[in-house]
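> Following is a predicted model, sequence given first.
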2 protein chains.
Amino acid sequence: MTTYTYTKSQALFQRAAKVIPCGIYGHFSPVCLCPPTDYPFYISRAKGARFWDIDGNEFIDYMCAYGPMILGYQNEIIDNAAKNQSELSDCVTGPAPVMVELAEYLVDLIPIADWAYFAKNGGDVTSLSLMVARDATHKKKIVLIKGGYHGVAPWAQTSLHHGTIEEDHEHIIRIPWNDIQAFEVAIERYPNDIAAFMATPYHHPVYADNEMPNENYWQTIEALCQKHNIMLIVDDVRCGFRLDIKGSHEYFKFQPDMICFSKAIGNGYPISALVGTESLKKSVANVFYTGTYWFSAVAMAASLAVLQEMKKIDATSMMIEKGRQLTRGLVDIAKTYGFDLKVSGSLSMPYIRITNDDTQMLHQAWCAECTKRGAYFTPHHNWFISTAHTDMDIQQTLDIANEAFQAVNANY
Amino acid sequence: MTTYTYTKSQALFQRAAKVIPCGIYGHFSPVCLCPPTDYPFYISRAKGARFWDIDGNEFIDYMCAYGPMILGYQNEIIDNAAKNQSELSDCVTGPAPVMVELAEYLVDLIPIADWAYFAKNGGDVTSLSLMVARDATHKKKIVLIKGGYHGVAPWAQTSLHHGTIEEDHEHIIRIPWNDIQAFEVAIERYPNDIAAFMATPYHHPVYADNEMPNENYWQTIEALCQKHNIMLIVDDVRCGFRLDIKGSHEYFKFQPDMICFSKAIGNGYPISALVGTESLKKSVANVFYTGTYWFSAVAMAASLAVLQEMKKIDATSMMIEKGRQLTRGLVDIAKTYGFDLKVSGSLSMPYIRITNDDTQMLHQAWCAECTKRGAYFTPHHNWFISTAHTDMDIQQTLDIANEAFQAVNANY
């Protein structure tokens, strides 16, 4: 295979750097790609599980826009639902009927949900859930997991981040994942002050193996929350619908008070949702929370179609099975070169790491060699599998991975 | 004219109330409409300056989705630009080239802008601007105007709002509009602590006449900010492009450090932008700030088309002229019934109030009578004029207003 070059991406990035901070900022920033010169920066089109960059290079995409793509780019069923709605209305001076249909569908689908509230970003609803918890409990403190990501609001960042101030974190308590005792210590220290415990359904940080909950972890957390009137919030923005169509808490068998969804819920159409139990409906109604585009009908029509389609095709099982097929293949190929490839997290969004090299330089090099051959892998973030990844995509990925192992093996 | 009834809206609202907090929340909540029974709740389609509710009633829309609609619903030029992009890509694993084109266009268009940063909600960029100001100045306090609206983040709300805590407002100083002395007092009290002064270009609160800046207000604020290293931020989310295509600061002839845009910038496609001066580019690059849908190409392609079209047709002058035509007509008709109709703010987004009745009950009744006849007026928020409002729309509105004055006159 010839490896890709990115002349046009590099040139456009130089132009961008003049008028956009960092050229590309946030989670798409080239600083997240190692080395950036081995990755494409600008995408010209996407279809199914693939995208093409502006240099004409073709990639099988294992980042899926960092989560929202779940049924394939340019999915006809979803895009038609969106198109049909867009011919009627999108962002107008009031909601469309589809808002009610979508809320009803979510309330039917998610066992704990008695209501649904829609916004745009995942961070819109993680922030809302904290406000609801504070209103409901008249308490201030929030317990989060160290390394957990809940968006970019100042409370969700750490004191290390520029632009935040210490007061943003005054009532945030960060404890390690899977550490019941740390939660008990926090409760003991602030017996009447903790409004909420928020975590992702399993721990999926960047730059570290992902971790499933220990046995009875969630059940113990749930019991502690109930005992101390602490609202239990699941941030299912990234993992939602990739473990269980009814919410990841169903997979782990516990009952949160609120769940935050986004990403997969819209297959790329911008929407997020907070759902919760009847007892919190008054508090969420108390909070004033809104946005210009939060009622836009097209994203809601798309989301309804996404949920229906995911259910119809059992998307979750399909993605877990495809993830199994891919990761088994990769692990086996790695072995033939003497490399140990560790897979953690859900198979539908696996975190992959070559363990042979503690510096991660080898792992980065291998991901870059794969990307340069058309299998887009970032090294320090979980990947995503979609229902659009075909057997052929996976076989081609394994062939690419094999050649990439040869390439890094030669230099290792 | 027969007046409208809203049987289907009311019935769907009852269904909604079971699964959505408040049935409809936020700025679309029926509690903002007085009385709610005189207003439609659900919209089935929209075109030009009109929308149709699910009962089949037709309205000339003077709320324009609360700002984003500026070139008409279903505008072919904008929708075609969006459609062409959507056939290539939208939300993928990296930005599309149109992101660079849009940033370049904004930097060319807005005189103070050396860079542009894109997000979804207006509140995304007002919050970002504060983080940038804090990073750049290493100071914490923010001066805002009493009654000014900058979104729903806890810092932007007041202590009266549910879900916020006192620490959210610890570094927020609210001063009255047009009050230079209050700003000087704040500076005197916190000589080394004020990071930013943020305000809308003129004061457009709800439930109160809108107020233009006094002569030299902005120039004095600018000088004070420069002297004390306070970042001057204009929240042009609502007013942007409705006073001057180059930003409302150009209309008032002053130079902010950052400007927040959203609403009109996308004609309903979800996008917001922060632009700023070269000296802040490093700070905005320092801040970690991102979102799943912030790089979506369709809204960016739409926004580029909106900016080009607004410039081409001189949309701002057109809206101000249409606003003049509408408000002059309304004031004249009001007079013939002995009512004084006060118009404040920009003619492209006028705030209207009947002054004869301090309780505002008469004004509410008149707005409701207009709405029930097909001119959608909310009583306590500025209205919006778009380029899609035709002479016929305005004439029909004046006819409706006349009949509504008759109706309220009979009961007054």
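Yep, that arrived. Numbering: from 1, shown residues only, chains lettered A, B, ... in the order given.

> okay, CA-based contacts and neighbour counts for the rest of this
Will do.

> Now do the contacts for the residue in the stretch 151-300 of chain A that chain B sits nearest to.
Closest residue of the stretch 151-300 of chain A to chain B, C-alpha to the nearest C-alpha: residue A:163 (4.0 Å). By C-alpha atoms under 8 Å, 6 or more residues apart in numbering or on different chains, the contact set of residue A:163 is A:154, B:130-135, B:286-287.

> Would you double-check that it falls in a helix?
No. Residue A:163 is assigned coil when assessed by DSSP: H, G, I helix; E, B strand; the rest coil, not a helix.

> about what we covered before: top of the contacts of residue A:163 by number of neighbours, please.
Greatest neighbour count in the contacts of residue A:163, by other C-alpha atoms under 10 Å in any protein chain shown, goes to residue B:133: 29 neighbours.

> so what secondary structure elements neighbour the helix or strand hosting that residue?
Element membership of residue B:133, judged by DSSP states H and E, is helix B:122-137. For helix B:122-137, the packing partners by 3 or more C-alpha pairs under 8 Å, 6 or more residues apart in numbering or on different chains; DSSP states H and E come out as strand B:194-199, strand B:231-235, strand B:258-261, strand B:272-276, helix B:281-286.

> which one of these lies closest to residue B:111?
Relative to residue B:111, the nearest member of the helices and strands packed on helix B:122-137 by C-alpha to C-alpha is strand B:272-276, separated by 9.8 Å.

> From the chain's centroid, how far away is that closest one?
Its chain's average C-alpha position is 15 Å from that of strand B:272-276, according to C-alpha atoms, centre = their mean, to the nearest Å.

> quick one: average confidence on it?
Mean pLDDT, computed over strand B:272-276, is 98.

> Stretch A:98-115 too?
For stretch A:98-115, mean pLDDT is 98.

> same check, this time on stretch A:363-371
On average, the pLDDT along stretch A:363-371 is 97.

> now it: how far from the chain's centre is it?
Worked out by C-alpha atoms, centre = their mean, stretch A:363-371 lies 22 Å from the chain centre.

> where does chain A have low pLDDT?
Per-residue confidence for chain A (pLDDT under 70) gives these ranges: A:412.

> The residue nearest the centre of it: what secondary structure?
Nearest to the mean C-alpha position of chain A, by C-alpha atoms, centre = their mean, lies residue A:238 at 2.2 Å. Residue A:238 carries the three-state label coil when classified by three-state DSSP.

> show me the contacts for it.
Residue A:238 makes contact with A:67, A:261-264, according to C-alpha under 8 Å, 6+ apart.

> any idea how far the residue lying closest to the residue of the stretch 151-300 of chain A closest to chain B once chain neighbours are set aside lies from residue B:113?
Computed as C-alpha to C-alpha, 6 or more residues apart in numbering or on different chains, the closest residue to residue A:163 that is not its neighbour in sequence is residue B:131, at 4.0 Å. Residue B:131 sits 18 Å away from residue B:113, going by C-alpha to C-alpha, to the nearest Å.

> what do you get for residue A:79?
Distance, residue A:79 to residue B:113, using C-alpha to C-alpha: 36 Å.

> same thing with residue A:308?
Using C-alpha to C-alpha, one obtains 44 Å as the distance from residue A:308 to residue B:113.

> Repeat that for residue A:62.
Distance of residue A:62 to residue B:113, given as C-alpha to C-alpha: 36 Å.

> which residues in chain A form strands?
A:43-47, A:50-53, A:58-61, A:115-119, A:141-145, A:172-175, A:194-199, A:231-235, A:258-261, A:272-276, A:341-344, A:351-354, A:375-376 (DSSP state E).

> Quick check: which of those strands has the most neighbours on average?
Comparing these by mean neighbour count (mean count of other C-alpha atoms under 10 Å in any protein chain shown), strand A:258-261 comes out on top with a mean of 30.

> Quick check: neighbours of it in the sheet, parallel or antiparallel?
Strand pairing for strand A:258-261, determined by DSSP bridges: strand A:231-235 (parallel), strand A:272-276 (antiparallel).

> which one of those lies closest to residue B:170?
Of all the strands paired with strand A:258-261, strand A:231-235 sits nearest to residue B:170, with 25.0 Å by C-alpha to C-alpha.

> Please state the offset of that closest one from the chain centre?
How far strand A:231-235 lies from its chain's middle: 16 Å, per C-alpha atoms, centre = their mean.

> Pull the residues that contact it.
Defining contact as C-alpha under 8 Å, 6+ apart, one finds that strand A:231-235 is touched by A:126, A:129, A:133, A:137, A:150, A:195-201, A:222, A:225, A:249, A:256-261.

> one more time with 6 Å
A:133, A:196-200, A:256-260 (C-alpha atoms under 6 Å, 6 or more residues apart in numbering or on different chains).

> What parts of the stretch 51-200 of chain A come near chain B?
Counting by C-alpha under 6 Å from any C-alpha of the partner chain, the residues of the stretch 51-200 of chain A close to chain B are A:65, A:88-89, A:91-96, A:100, A:115-116, A:131-132, A:134-135, A:152, A:162-163.

> all helices of chain A, in order?
Taking DSSP state H as the test, the helices found in chain A are A:7-19, A:76-86, A:98-109, A:122-137, A:180-189, A:217-227, A:248-252, A:281-286, A:297-313, A:315-336, A:361-371, A:391-411.

> that older thread, got TSV for the strands of chain A, with distance to residue A:402 too?
Below are those laid out as TSV (distance: least, C-alpha to C-alpha, whole Å):
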stretch	distance to residue A:402
strand A:43-47	25
strand A:50-53	20
strand A:58-61	15
strand A:115-119	43
strand A:141-145	37
strand A:172-175	40
strand A:194-199	36
strand A:231-235	36
strand A:258-261	36
strand A:272-276	38
strand A:341-344	13
strand A:351-354	14
strand A:375-376	11
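
> between those, which one is nearest to residue B:215?
With C-alpha to C-alpha as the criterion, residue B:215 lies closest to strand A:115-119 of the strands of chain A, at 39.6 Å.

> tell me which strands and helices that closest one is in contact with?
Packing partners of strand A:115-119 (3 or more C-alpha pairs under 6 Å, 6 or more residues apart in numbering or on different chains; DSSP states H and E): strand A:272-276.

> relative to strand A:115-119, how tilted is the strand it packs on?
Relative orientation of strand A:272-276 and strand A:115-119, computed by axes from the mean of the first three to the mean of the last three C-alpha atoms, to 10 degrees: 160 degrees.
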